[in-house]
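Novice: show me the folded form of this:
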Amino acid sequence: MKTLIQCFVLIFSLHSMECAFTCDYKYSLLAKGWFKLNVVPETWHDARLRCSLQGAVLASPTSSAMAAEMKHTMKNFFLQDTEIFTGIHATFSSGSYYTVDGVPLSKIPLVWANDEPDNFGNKERCITFNSNGSAADRMCEEPRPYICFRSGKKEVLTNKCGTPDDGYHYYEKTKKCYKFHRAPGTFDHAHFVCSAENGHLAIINSEDEAEVLRKVFADNPAAWIPGNFWKDIAFIGFHDWGSWGDWRTIHGETLKEAGYDKFSGGEPNNATTGEHCGAIYRSALLDDLWCDKPAAFICEKDPAYPPICQPTADEEIDIDERFNNKVE
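Specialist: So this is what the prediction gives:
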């Protein structure tokens, strides 16, 4: 049986009901949700975090439909002999397995590979899945591909920034979106988070953009930011690329080429050895900062990237064939 879904786009005020999540996710009528295979291997913890930052969860074969779609997704990318991480883990306590959204292992119809699970060395606390449908327990620290999954209908409510994340706000002056992260992170964590949210650490390209970031910072007064860290500075997208003083954006341009190179008085000064990463004060003047000391950070996102799919009709999907082959 062929099933054809018609999509309609409704546009109103600040939000639009789009016929997709983002175009790098694919919708499954069988599993009633969005799937994205991440082929670049990551640790289980980073995989879980990246999915979460995209409004999804690390996928688990919690039903026949989920297992069938996960196998189909892997086979489409020719991952025939590769194990991927699932969201099933025992990272809180050994032997106590749950999915990241709380489904216990006892309720999941797993088919175990030969001699699995074995908790080899008492270090295997994450569950993997392969394209044949079998599971195994593995070390969470060994990087693997993984699938992110967002359950729900085909229609997804997105804001003007092209994301369901209401933390992003559009600014007409720069035609860009920004999100201020109050929870502090190191520079590499901040870069990871912005990237996972389909953006990047903010890059100041003009005086106008500096003015916008001053406004973004002003909307987050120190009294509203929890935690014991410096509240008047935030990471943005520049560093010295391993040679102190050669300040460039994360996209490789010098600050002057990018359009804004105004440091605060006396900065950069590498006052304490190790100030290799870029930040701004509330004034939007630049500073050099320790990369490994957590700070707030600002992400920037192009409203048009990644694109939100708006087809007039979904491609035909043979659900019966997909479901009947779920145990291949």
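Novice: only C-alpha atoms for contact and neighbour calcs from this point on.
Specialist: Noted.
Novice: ok, now how distant is the residue nearest to Gln54 when sequence neighbours are not counted from Gly237?
Specialist: Spatial nearest neighbour of Gln54, chain neighbours left out: Glu197 (5.6 Å); criterion: Cα to Cα, 6 or more residues apart in numbering. For Glu197, the distance to Gly237 equals 15 Å [Cα to Cα, to the nearest Å].
Novice: the two: who's more crowded?
Specialist: The neighbour count for Glu197 versus Gly237, taken as other Cα atoms under 10 Å, is higher for Gly237 (24 against 21).
Novice: what ranges do the strands span in the stretch 101-250 of the chain?
Specialist: 111-112, 126-129, 134-138, 144-151, 156-159, 169-171, 176-185, 200-201, 233-239, 248-249 (DSSP state E, counting those that start in this stretch).
Novice: so which of these is nearest Glu275?
Specialist: Of all the strands of the stretch 101-250 of the chain, strand 233-239 sits nearest to Glu275, with 9.0 Å by Cα to Cα.
Novice: give me the residues contacting the closest one.
Specialist: 187, 190-191, 200-203, 246-250, 276-282, 288, 295-299 (Cα atoms under 8 Å, 6 or more residues apart in numbering).
Novice: quick check: ChimeraX command selecting the buried ones in those.
Specialist: In ChimeraX, a selection of the buried entries from the contacts of strand 233-239 looks like this (16 or more other Cα atoms under 10 Å):
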select :187,190,191,200,201,202,203,247,248,249,250,276,277,278,279,280,281,282,288,295,296,297,298,299
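Novice: list the contacts of Lys262.
Specialist: Counted by Cα under 8 Å, 6+ apart, Lys262 has contacts Leu285, Leu286.
Novice: from memory Pro104 sits against His89, does it?
Specialist: No. The pair Pro104 and His89 fails to qualify as a contact (Cα atoms under 8 Å) at a distance of 9.6 Å.
Novice: more neighbours, those two?
Specialist: Just comparing Pro104 and His89: by other Cα under 10 Å the higher neighbour count belongs to His89, 26 against 15.
Novice: list the beta-bridge partners for that one.
Specialist: Under DSSP bridges, the beta-bridge partners of His89 are Tyr98, Cys126.
Novice: least confident secondary structure element in this protein?
Specialist: Within the chain, no helix or strand scores below strand 10-12, which has a mean of 30 by mean pLDDT, DSSP states H and E.
Novice: which residue is nearest the middle of this structure?
Specialist: For the chain, Ala196 is the residue whose C-alpha lies nearest the centre (Cα atoms, centre = their mean; 2.7 Å).
Novice: where does that residue land on pLDDT?
Specialist: With respect to pLDDT, Ala196 scores 96.
Novice: state the distance from it to Thr73.
Specialist: According to Cα to Cα, Ala196 and Thr73 sit 20 Å apart.
Novice: and Gly199, how many neighbours does it have?
Specialist: 21.
Novice: swap that for Gly152, sorry
Specialist: By the criterion of other Cα under 10 Å, Gly152 has 12 neighbours.
Novice: now render the strands of the stretch 101-250 of the chain as CSV, adding mean pLDDT.
Specialist: Shown next, in CSV, are those (pLDDT from 0 to 100):
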stretch, mean pLDDT
strand 111-112, 96
strand 126-129, 98
strand 134-138, 98
strand 144-151, 96
strand 156-159, 84
strand 169-171, 97
strand 176-185, 98
strand 200-201, 98
strand 233-239, 98
strand 248-249, 98
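Novice: what's near enough to touch Pro294?
Specialist: By Cα under 8 Å, 6+ apart, the contact set of Pro294 is Pro184, Gly185, Thr186, Phe187, Phe229.
Novice: hmm, try it at 6 Å
Specialist: Contacts for Pro294 (Cα atoms under 6 Å, 6 or more residues apart in numbering) come out as Pro184, Gly185, Thr186.
Novice: also Leu37?
Specialist: If a contact means Cα under 6 Å, 6+ apart, then Leu37 has Tyr146, Ile147 as its contacts.
Novice: would you mind measuring from the nearest residue to Arg138 once chain neighbours are set aside to Trp44?
Specialist: Nearest residue to Arg138 in three dimensions, chain neighbours excluded: Glu124, at 4.5 Å (Cα to Cα, 6+ apart). The gap separating Glu124 from Trp44 is 11 Å, by Cα to Cα.
Novice: higher neighbour count, the two?
Specialist: Neighbour comparison, Glu124 and Trp44: the larger count goes to Trp44, with 29 against 21 (by other Cα under 10 Å).
Novice: ok, for the more buried one, nearest residue in space, not its chain neighbours?
Specialist: Using Cα to Cα, 6+ apart, the nearest residue to Trp44 is Cys140, at 5.0 Å.
Novice: report the separation between the one you found and Gly162.
Specialist: Cys140 is 32 Å from Gly162, by Cα to Cα.
Novice: more neighbours, these two?
Specialist: The neighbour comparison of Cys140 against Gly162 (other Cα under 10 Å) goes to Gly162, with 25 against 22.
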